[in-house]
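In: pasting a predicted model and its sequence here:
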Amino acid sequence: MNRGLLVIIADLLEYPAYWLPKLSEFEAKLDKINDPFVAEFIKEVKSIEPIDLEEIYVSTFDFNKETTLNITYYYTGDEKQRGNNKRGILLLKLKELANINTKKELPDYLPNLIRFIANNANENTKEILELIKFPLKELTINLKAKNSIFYYILVLLYKELYLGDPDV
C-alpha cells in the first residue's frame with residue numbers, strides 16, 4: 001500500500017481551496033503512478049475555475065446524500081426510525097478503531113479514515129478497511145453515475161486499498 005498516495009487522495013477529498021495550492025506538487029507525485037484515472041482527474045481539475053471547483057465539491061459531497069463522504073450513511077441512510085441507532089453504533093466503533101477525535105468532522109469522514117489507514121498498519125486498520133469497502137464501492141458507483149470528476153479519485157483509492165478495480 002502506497003501510504004504517500006493515500007495521504008494525497010485524502011487531501012484531494014477535502015475542499016479544493018485546501019489542496020489547489022498544492023496541485024502541482026501532487027501532480028508531480030501522481031505522474032509517477034502513470035494511471036489513466038489520475039491523468040483524467042488532473043486534466044479536468046485544470047480546466048475548471050477554482051470557484052467552480054468549490055461549487056462542484058460542495059454540490060457533490062455536502063449537499064448530496066448519495067455521494068456523502070460520511071461512510072456510515074451508506075449503511076444506514078437517513079435512519080429516521082425511532083430507536084434505530086445503527087449509525088451511532090457505527091460512529092462509536094469507528095471512533096474507537098481509528099482513535100479519531102475531531103470537532104470538525106464525524107469519525108466516519110472518509111478523508112480522516114484514509115489518513116488513519118495511511119499511518120497505521122494494525123488490526124484496527126484491517127477492520128476499518130472491511131467497514132469502508134461497501135461504502136467506497138457505492139460512492140464510486142454514485143460518482144460515476146453523476147459524471148463527477150471525483151470518480152477518478154475514488155477509483156484510484158479503491159485500487160490502492162483493495163488491489164483491484166471496483167467494477168463499476
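Out: Looks like it came in fine.

In: any stretches of the chain with poor pLDDT?
Out: Applying pLDDT under 70 to the chain flags the ranges 78-89, 97-103, 168.

In: longest single helix anywhere in it?
Out: The residue-count maximum for a helix in the chain (DSSP state H) belongs to helix 123-145.

In: for Lys144, see how far away the residue most central in space within the chain is.
Out: Centroid check for the chain by CA atoms, centre = their mean gives Leu110 as the closest residue, at 4.6 Å. Separation of Leu110 from Lys144 (CB to CB, to the nearest Å): 17 Å. (Each C-beta comes from the backbone N, C-alpha and C, glycine too.)

In: do I have it right that the residue nearest to the centre of the chain meets Thr72?
Out: No: Leu110 lies out of contact with Thr72 (CB atoms under 8 Å); the separation is 10.5 Å.

In: what do those two both touch?
Out: Here Leu110 and Thr72 share the contacting residues Pro135, scored by CB atoms under 8 Å, 6 or more residues apart in numbering.
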